[in-house]
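In: Structural data only, the sequence is not supplied:
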């Protein structure tokens, strides 16, 4: 189990990095629930630009806009990142 404070620290860490922050876990659904709850109860609207993405054994907190731009570039839409 992780505390609300630790979950919120993950959000802030992800906000500081270029694209995203990986959090390893063996219970993806639990971690996502705790992360969403921490973000909601924080009241910090700046965290709304970040999203959660499930991976095989982890959850990523990503800047959705930057993540989408990279994905589009990799798909070959002609834009550079």
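Out: Yes, it's here. Note that this is a predicted model, so its numbers are computed, not measured. Residues are numbered from 1 along each chain as shown.
In: mind listing the helices in this protein by residue range?
Out: 4-16, 28-42, 64-74 (DSSP state H).
In: Compute the inter-axis angle for the first one and helix 28-42.
Out: This points to helix 4-16. 90 degrees (axes from the mean of the first three to the mean of the last three C-alpha atoms, to 10 degrees).
In: got the contact list for helix 4-16?
Out: 20-21, 23, 34-35, 37-39, 41-42, 44, 46-47, 50, 61-63 (C-beta atoms under 8 Å, 6 or more residues apart in numbering). In this view, the C-beta of every residue, glycine as well, is placed from N, C-alpha and C.
In: which among those residues end up buried?
Out: Neighbour-count burial (16 or more other C-beta atoms under 10 Å) applied to the contacts of helix 4-16 gives 20-21, 23, 34-35, 38-39, 47, 50, 61-63.
In: pLDDT and distance to residue 13 for these - can I get that in a markdown table?
Out: Listed next are the buried ones among the contacts of helix 4-16 as a markdown table, based on pLDDT from 0 to 100; distance: C-beta to C-beta, whole Å:
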| residue | pLDDT | distance to residue 13 |
| --- | --- | --- |
| 20 | 89 | 10 |
| 21 | 95 | 5 |
| 23 | 97 | 9 |
| 34 | 97 | 15 |
| 35 | 98 | 12 |
| 38 | 97 | 12 |
| 39 | 97 | 13 |
| 47 | 95 | 11 |
| 50 | 95 | 10 |
| 61 | 96 | 8 |
| 62 | 92 | 12 |
| 63 | 89 | 12 |
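In: Going by mean pLDDT, which of the helices of the chain comes out lowest?
Out: Lowest mean pLDDT within these: helix 64-74, at a mean of 73.
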